[in-house]
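A.B. asks: Sequence and predicted structure, then a few things I'm wondering about:
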Amino acid sequence: MQTKTLAAILAAVLCLGLLAGCGSGGESTQEEPEIDLSALWTELATDNDQLPATVAMDEASLDAAYPGLTELAPRQAMAQMAMISAVAFEVAAVQCESADQTAAVKEIFDARIAAQVEGGAFYPATIAAWESAQVVTQGSYVLLLCGEGSDTYLSAFQAAYGGDQA
């Protein structure tokens, strides 16, 4: 009789252990996709004649527009801005190394928007565009999107990331 009771208790404990192991625990084992942010822009800009003419921001331009960004040394960074200052259009995307770096980049992008709204943008239409600008964070990626058509980069990014997750 004791053997049957002991076996039943051991079976119950084993079942509980197996069931506890089946829970997701809130952790995902799926790796984050690696997206080439510059290639994504090039592909998008090549196929879309509705976007304004842009220029890639070099390190000096990045330092002026996004103070502290290059010092963070992110995994990758891409930034495009309109060639004409009267056109409010800017797309910047960064892949970060850590959660702390992601938060720092978001702060830098938020500061860029605030600076443009508070006087960096000269014309009423450009100020309005910057007031509508957004910063999107998805995993280790942070995007700044300003201007009509910038949401096409967000859509392309989300598709590459694996769906509408931002």
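C.D. replies: That came through, no problem.
A.B. asks: what packs against the helix or strand encompassing Thr70?
C.D. replies: Element membership for Thr70 (DSSP states H and E) is helix 69-72. Judged by 3 or more Cβ pairs under 8 Å, 6 or more residues apart in numbering; DSSP states H and E, the packing partners of helix 69-72 are helix 59-65, helix 99-115. C-beta here means a position set from N, CA and C on the backbone, and glycine is covered the same way.
A.B. asks: what residues does the last one touch?
C.D. replies: Put plainly, it is helix 99-115. Here helix 99-115 makes contact (Cβ atoms under 8 Å, 6 or more residues apart in numbering) with 65-69, 72, 74, 92, 94, 96, 130, 133, 135, 137, 140, 142, 144, 146.
A.B. asks: Buried among those? Make that a PyMOL selection.
C.D. replies: Burial among the contacts of helix 99-115 is assessed by 16 or more other Cβ atoms under 10 Å; the matching PyMOL selection reads:
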select buried, resi 65+66+69+72+74+92+94+96+130+133+135+140+142+144+146
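A.B. asks: Can you give me the neighbour number for Ser155?
C.D. replies: 12 (other Cβ atoms under 10 Å).
A.B. asks: starting at the chain centroid, how far to stretch 41-54?
C.D. replies: From the chain centre to the centre of stretch 41-54 is a distance of 19 Å (Cα atoms, centre = their mean, to the nearest Å).
A.B. asks: Which helix or strand in this protein has the lowest average pLDDT?
C.D. replies: Here the helix or strand of the chain ranked lowest by mean pLDDT, DSSP states H and E is helix 2-22, holding a mean of 47.
A.B. asks: Tell me which helix or strand comes right after that one.
C.D. replies: helix 37-47.
A.B. asks: packing partners for the helix or strand just after that following helix?
C.D. replies: Downstream of helix 37-47, the first helix or strand assigned by DSSP H and E is strand 54-56. Counting contacts by 3+ Cβ pairs under 8 Å, 6+ apart, strand 54-56 is packed against strand 76-82.
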